[in-house]
Every structure is written in C-alpha cells, then in structure tokens.
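Peer 1: no sequence on this one, just coordinates:
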C-alpha cells in the first residue's frame, strides 16, 4: 500500500505540474510596456507619471539594488476571446526568484487616476482587469528592485545592506507582462488536489481515509483528459467531490484561521521600504476581500496604519471602511510589534498608549489582544502593562523556537511579576506564515499540548516578514477544510472570536508564572550598541522632557509641547521594533536609527532647555532675585546631592574622597567604600566602610575585560552560543595607568589597553559621598566575530540574581539545576543587576548595556561566589558586516548594598543631574516611600492640563506611601494607562509588590 500511495503522489504531482498548471491560462497576449527609472529614492505617483517613459521589452534587465522602476502598461483584451470579464487578468513576472516572498522584487499596480489596484508578488502575480473582450486598459506598475539580503539563510556577509555599498548593476529581468484568460475550473481543480493530497500525506499509512483519498486522486487523474484539460477539468473535480464532502469527526481539532501578514517594520530592508510593503500587502488584502465576503484579516502595528494615512490616504480610507465592517481587524494595540526585553518601563507602556490611541481616534476600534508573534522573548512585566492598557489576551508563537526546552502549554494564563494574569495562546502550528497546507494543519493538531482539556487553536495565514499577505489559494484551502474528514476543522475568523472560544472551553487554564524567556537570539541584548545607546538615552530625555515641561506648565504657565513630545515618542517607539532595537537589521536601518536618535535628542534637549528656563524665570520672579548660578535639576526619583527628586536647586556635595598609594597599588577611599586598583588596572578589593566586609572574592579581580570568539551556529546578529565560554581571553595588559583627577570631591584614574585592532580607555572614578564606583569604558572597536565582556566577581553565596525589567525586577536562578536554567546562560537587564545574600549584596549598574551573564563558582575553603559580566560589544557579520565597528562609550557602576542601592544607582547613572540655573523648584509629585518610585510625571494626553503620575513598587515587597502633591488640585483619580478612570485615588496608597499605578491629578 505504501509503495502504491508513493507512486500515486508522484503521478498526481507530475499531472499537476505538466498538465493542469499550463492549462490555467486558456489564452494570453502581450502588452505594450514603457519604463522610467527613478533616479534615487521612491517618488509619489503624481511625480512618477510625469517621468520620461521609454519603450521597454520583456527580457531586458531592470532595477539596481534598492531602486524603483515605473512601468507603464497598455493593452487590449482580444475581441475574439469568449471570456467573462472576471476571468481576464494581467499576469506579471518581474523576475521573481526562488527566494522567500517579500525578500525580493515586488510591484504595486496603480490605475491612471492614482488609485491603487493591487500588488505583484511571487506566488501572487496577477491583477484582475475585469475587462470585457475588445476593451483597452492602461496601468502603472511601481516596481521595487529590492535585493534578497539573505532569505537562503546562509548568513553570508553582503554589501547590499547599505545603499552606499550595494552594487549598481540591474539585478532583475522582466520575464513577462501578459493579458491572460484564466480558466477558473482548472484553478479550482488544482485547489481541490492541493487539499486532498496534503491531507492524505499526513494520515497514517494504514488509515482507510488515506487510502480513499489516494484512490480519489487517481480517479481524478484518470478523469481529466491530458490533451483536453479545459474541457474535462470538471470531471476531475467530480472525482474528488465525494472525499471533499465527507465531514470531520466530532472530536476534530478546531482551527480558527486568521488572515495575517507579519510585516517587519524594518529588517532586511529599510523603513522606507516597509511603508511600501504595507501598501502592497494591504492592497492585496482589500482585493481579496472584494473577491470573498467571508475573508477576515488581522493587522497589528498602529504605525503601519499611520503610514497608510500619511502616504496612501485613498488606500487608508478603503481600509477604514473594512475596519468598520469588522473584516480588516486591528490587533495588538501597540505602536509597533516591539521587542519587550529592552524597552524601558514608560516606553513599553507608551507602545500601548500610542497604539490604542491611534486605533480609537482614527478607526473607532479598540483591540483587546496583544499580538507579538515574532519578538525575542517576553518580559515578566508585560502581563500587568497589557492589562493596565485594557488588553485581555496575548498571542505569540516565538517560544516554539526554543533551542532546549519545549514549552508545556499552548493555551494558559500567563502571570507577571506582580501577579497579574493574561489569557495567552501559542499557536501550535508554530508559524505566523501558514499557507493552510495539510502538513501545517496536521502539525497544529499534533503539537497542541492541552488536549483533553481544550481542542482549539489559532493559525495565522499569509505570507509575512516581508509582507504579501494571504492569497486566494490560501482562502480556497480554508474553505475546503472547513469540515473535512481527517483534518482539523478550519474557520476563518477574527482573533477575538478565537479567544472567546478558547476561553469558553478552557477555564480554569493552567498558569505559567514569570517571564517567557526565549532560548534563542540571546545576542540581541547586545548587537548594534549605538542603537541601544540611542534608545536608552532617548528614553531618559523623554522622561526629563515630560517632567520639566509639565513642571513648567504648572509652575510657570508655560505651553506644554504635546505635539513635539508625541512625535519624539513615536520615533522612539518605532525604533523599538523587534528587529531594530535588538540589532538584527541591515546597516541601513541602524544608520538611520542613529540619525533619528540624534534628531530626537536635539528636539528634546530644546524642550528641556525651554522648560528649565521658564522655571528659572518663574523662580527669579517669585524670589525677587535674578536666580542663582550653579543650580541643578534632578529628574531621577531619588535624592541626589541634596536635590529632591523631580526638583531643582543648589547641590550639596561632600569632600571626603582621597587616594592612598602603596607602590603600584592605589586605593580610592571615601566614607562609603575603599577600592583597591592594582598595577594592571584591575580591582582586587572593594571594602564596605560600614561593615568592613570585602566584596571581591579572594584571588579574583573585578573590572576584568574578557574577549571571546563569537561565531554562532546560525543567525549571527541574533545569537550567542554557550560555546563562546570555551575561548575566553583575559585582557590584563595595561599600556598606561594614571591619576587624571584628584580633588576632595572626586578622584579619577585612567588606563589604556590595546588588543587586536582595538583600544580601550577606561576611567575609574569615585566621588565624595558616593557609595558607587563609576567606570567609563571607551572602546575603539575593530574586531570581527568577537565579543567583549566586563566582569565583576562578587563574594556572595546565592543561587539567584535580580535584574531590572519594566516596573520592577525579576529573580532568575544562577544555578544550573534544570535544563531551563542551563538554557538561560545570557539574560537581559535594564539599568542594573544585583546579587546578594542576607544583609549584604552588590549591584552592577549600566547606562546602555542590556546583555549579562551571571554564574556561580566555587571558592577555596568552601562556599561559592557569583560572577557578574556585562556584555559590552559584539561584532557579527550578518546582516550588517560593519556592525558596531568604531568608537563606543559605555558606563557602569558598582555599588555595595541591597536592591534599593542598585535601583538608586541605576537611576543616578541614567538620569544624572543637569545644570539648571534655577532657584529651588519643588517637585510636582513626590513619594514618601523609597520603595514606591514615581516613574513618570506628565500632562494628560487629552490636553486638559491635568497632571498624570505613574508610579510603581520597586523593591518587590508590599509598601505604603503618601504622595506630596506640590500644586492645587481638585481630586485624584486612578486610571489605566490610557488615562481612563478606574476608580477614586488618593494621596495615600498601599501597593502590592511591583504594582503599577497611574494617577490623574485633576486641576480644575
């Protein structure tokens, strides 16, 4: 039987290939083609049609990498064709390759009136003309010659990731532009065979249903005359009708198929090309909706809708109409499908604020599903943030990429660090680019881990990553598997319909507590350091700009620059997309990101300067003086040098730091700590003055730079393989070591190291009154496929480490008891990590470093110590062969104390005092408890002038606080992240561990 079925498969495949596929077209005729090549960047339709078009022939090359060619196409449907207008199409082959859809040439077809008709993609290269025989037409094709940067996944370095280094020769050849009379019945037969053959291949060899399917396939081949396919295709369909009509079993797995196109907002193409990809994909979707009234499409990322509104307003209005019908469904509620490990607290909240605000204001729709199918792991803070934004459900499939451990559920409640839960689904089909094949549907049923209690899953279908979306072939597959024996049942529906069904059948669902760590792509915590530094700095500037602008508005009556702040936020949020901030895009994307961050900094520095100037002027008028020089503003939530959090004034600094010399050994000492620096510029000792306890284990040295080979098995910019640990080199040779600053307020040492083609200059500084040693590491980095880490051994015995994430921190095991622990060998943190035992601990803070590894090691004489390493730099070759080359400045701090000390040090390092020139400025909102952090102070999004404060419990314990409100207000209202009331608030609050609270102070 097996051999017979195998022969049947071969016979059917050849029959489709050699007989049916050529018969899809009853007739075809060529058209007249003219072309105009855009000199540089893409231009709008109105400009393009004014170009100097020249005759162009099929078979000629066109399109340099990243170029655009406009083709003007004119033709006439032959009068002799006996064709229904619905069967008349324009078929175009731009020179499509065997590479992945969306990773190569694409086209967008325009009517002469400037309206978009449809896109042209590999496997979707037709345009319905709806033209009767004898009717003429004229169309324009905007053809994008995007290079295939690497869809063969060989990870070879390539110069095409920057337009400046890409070759200039044409890379595509126009193969075909014809008017075609399509044979609908032959097409339907091919779809029948696709479904029947796909299902048969997945059933057990001994299955009677499998045998019946193969018998029907053979009957279909016999029924169709290979020399008269068009005339006999209906016989083939009749031979398959019986097996296609047999209904599914009552216990069949239920699939909710959701039309989808995961369009990366940048990746192996620049942002400007993503904008065009969205227009192409969405035009495909709208055309498919015109053909099939039951087709439903889900689309995330408010940014992509906003691009359509700005650049393609006519297309956007058509989308808006389909949204109103419930067929073009916004999901996700975020500005982009962002990374969730790296964005800061307020930034991740603003992803939802900006996204939902756009959807509600522009489309009258509020999504309830977090939709992040491709991000590289999910922060334990996300459930609370999502629920505070009014989200009820969460979807991803990325955890199926784990290298080591298989996740135990596909449908479950995910519990965040504060105890908030969100109903979650991992599609067991393990892809967001399904074509609804028999193999994929069988995989969804086979993989589903919650059988017995639940039996429903979601399948996103459509070409994604580079766009394209669903095709009519996929919609046909869904229709044929709606109720088919041997197959899961398939229903095209919205995500909301799926989640309603899944909840109804699975209550209570199992619970997973803590982060959803992806055992893969760990290098994304470090790759493209400039992008990460730009993100961190932009987040800090946005925090400052909103704080000081709100303070100036309340204290001095200054205008609040809401539009300027919103524009900056949108830029930063876009660049937190899960292939930009993680560092996994081509060089063009990261070059542009750095430029955008510079523009954000220029804008926000202006906002801050104007706000502080207004406060200085108001303070001078109030006091009757001209103001005092030497004033500073403190945007952090903790007192620094005597300046209140969120306030300004004259700093008070001690004068207790000194240097003690003992030959080549230097000791930096203040009232808090004593730091010993040896002749190699390393730190063998840090002693806590209060307890006399040593923080550095005997026989080890801190501030140790280590260089590792970094050649992952695959996914260069994405991955760090644990085998890097087998090749480390300690960088101890020092070229120079000097004291470059020595005052009673501050002592700074400078040392220089050289290795390979790179140079490191470090400054070690201890300030009076500071419990922390600050380390500035300047690297002129010219290594390739190397990784640079900075190590700090800490003399504490512990089995876990705490790492800051959004609105709190997470406890991660540092032992390797289980396979889950072994796989977690590189982790992300925001501003600090902390290791400690009862009564003693050490925090390591940073200003732009996210990647860390924290391990345990045995000591002579017994016990263990922890080694904390910051991953400073990498140098992958794909997709950007110049990744991270050049100069970098990275700052770290080491502080002795509890988690509270690490938190304060992290804020101080990232929100340093800034010259203000003002007199005393009192905070708008201050917390009486150091455990309750006022993270954000701003004015309300609705323009009312009300003050919004966002705060959270930071220590991981229950806490009470009384807020000092420094301005008149009528009442305090608790709200969600979108500033909608959720209940009455008050100045006295009791918070659970890591609870997030948003308050509106109504000013009246």
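Peer 2: Arrived safely. Worth saying up front: this structure is predicted, and the values here are computed from it rather than measured.
Peer 1: bridged to the closest residue to residue 894 other than its chain neighbours, which residues?
Peer 2: Leaving aside its chain neighbours, residue 894 sits nearest to residue 773 (5.1 Å; criterion: CB to CB, 6 or more residues apart in numbering). Every residue, glycine included, has its C-beta placed from N, CA and C. Judged by DSSP bridges, the bridge partners of residue 773 are residue 766, residue 894.
Peer 1: ok, now residue 753?
Peer 2: In beta-bridge terms (that is, DSSP bridges), residue 753 pairs with residue 760.
Peer 1: circling back to that earlier point, list the contacts of the residue nearest to residue 894.
Peer 2: Listed by CB atoms under 8 Å, 6 or more residues apart in numbering, the contact set of residue 773 reads 668, 673, 675, 683, 686, 764, 765, 766, 893, 894, 895.
Peer 1: I figured residue 475 hits residue 296, correct?
Peer 2: No. Between residue 475 and residue 296 there is no contact under CB atoms under 8 Å: 10.2 Å.
Peer 1: so how far is residue 478 from the closest residue to residue 759 other than its chain neighbours?
Peer 2: In this structure, residue 759 finds its nearest non-sequential neighbour in residue 780, 4.5 Å apart by CB to CB, 6+ apart. Distance of residue 780 to residue 478, given as CB to CB, to the nearest Å: 56 Å.
Peer 1: just want to know which of these two has more residues nearby.
Peer 2: Set side by side, residue 780 and residue 478 show more neighbours around residue 478, with 23 against 14, by other CB atoms under 10 Å.
Peer 1: and residue 5, what pLDDT?
Peer 2: Residue 5 is assigned 72 on the pLDDT scale.
Peer 1: no no, residue 983
Peer 2: 89.
Peer 1: returning to what we had before: okay, and the common contacts of residue 475 and residue 296?
Peer 2: Listed contacts common to residue 475 and residue 296 are 259, 492; contacts here mean CB under 8 Å, 6+ apart.
Peer 1: could you tell me the end-to-end distance of stretch 862-878?
Peer 2: Start-to-end span of stretch 862-878 (CA to CA, to the nearest Å) is 44 Å.
Peer 1: ok, the residue nearest the centre of the chain - contacts?
Peer 2: The centroid of the chain falls nearest to residue 578 when counting by CA atoms, centre = their mean (2.0 Å). Taking CB under 8 Å, 6+ apart, we find residue 578 in contact with 264, 337, 338, 339, 372, 374, 375, 376.
Peer 1: dihedrals phi and psi, residue 673?
Peer 2: The phi/psi pair for residue 673 (degrees, to the nearest 10) reads phi -140, psi 160.
Peer 1: do the same with residue 876
Peer 2: For residue 876, the backbone dihedrals (degrees, to the nearest 10) come out as phi -70, psi 160.
Peer 1: excluding its backbone neighbours, what's nearest it?
Peer 2: Among residues not flanking residue 876 along the chain, residue 716 sits closest, at 3.9 Å (CB to CB, 6+ apart).
Peer 1: how about residue 246?
Peer 2: Nearest one to residue 246, counting by CB to CB, 6+ apart, is residue 485 at 4.0 Å.
Peer 1: residues contacting that neighbour?
Peer 2: Residue 485 neighbours (CB under 8 Å, 6+ apart): 209, 243, 246, 247, 248, 249.
Peer 1: in strands, which of these fall?
Peer 2: Judged by DSSP state E, strands contain none of those.
Peer 1: so which of the residues you listed comes closest to residue 804?
Peer 2: Nearest to residue 804 among these, counting by CB to CB, is residue 248 at 49.7 Å.
Peer 1: and the pLDDT for the closest one?
Peer 2: 98.
Peer 1: any regions of the stretch 901-1004 of the chain where pLDDT drops low?
Peer 2: The stretch 901-1004 of the chain contains residues with pLDDT under 70 at 918.
Peer 1: show me the strands in it, by range?
Peer 2: 914-915, 925-927, 932-939, 947-953, 959-965, 971-975, 981-984, 988-991, 996-1002 (DSSP state E, counting those that start in this stretch).
Peer 1: how about stretch 153-172: buried residues?
Peer 2: By neighbour count on 16 or more other CB atoms under 10 Å, the buried set for stretch 153-172 is 155, 158, 160, 161, 162, 163, 166, 170, 171, 172.
Peer 1: can you list contacts of it?
Peer 2: In contact with stretch 153-172 (CB under 8 Å, 6+ apart) are residues 61-66, 94-95, 105, 145, 147, 149-150, 268, 586-588, 591, 714-716, 877-881.
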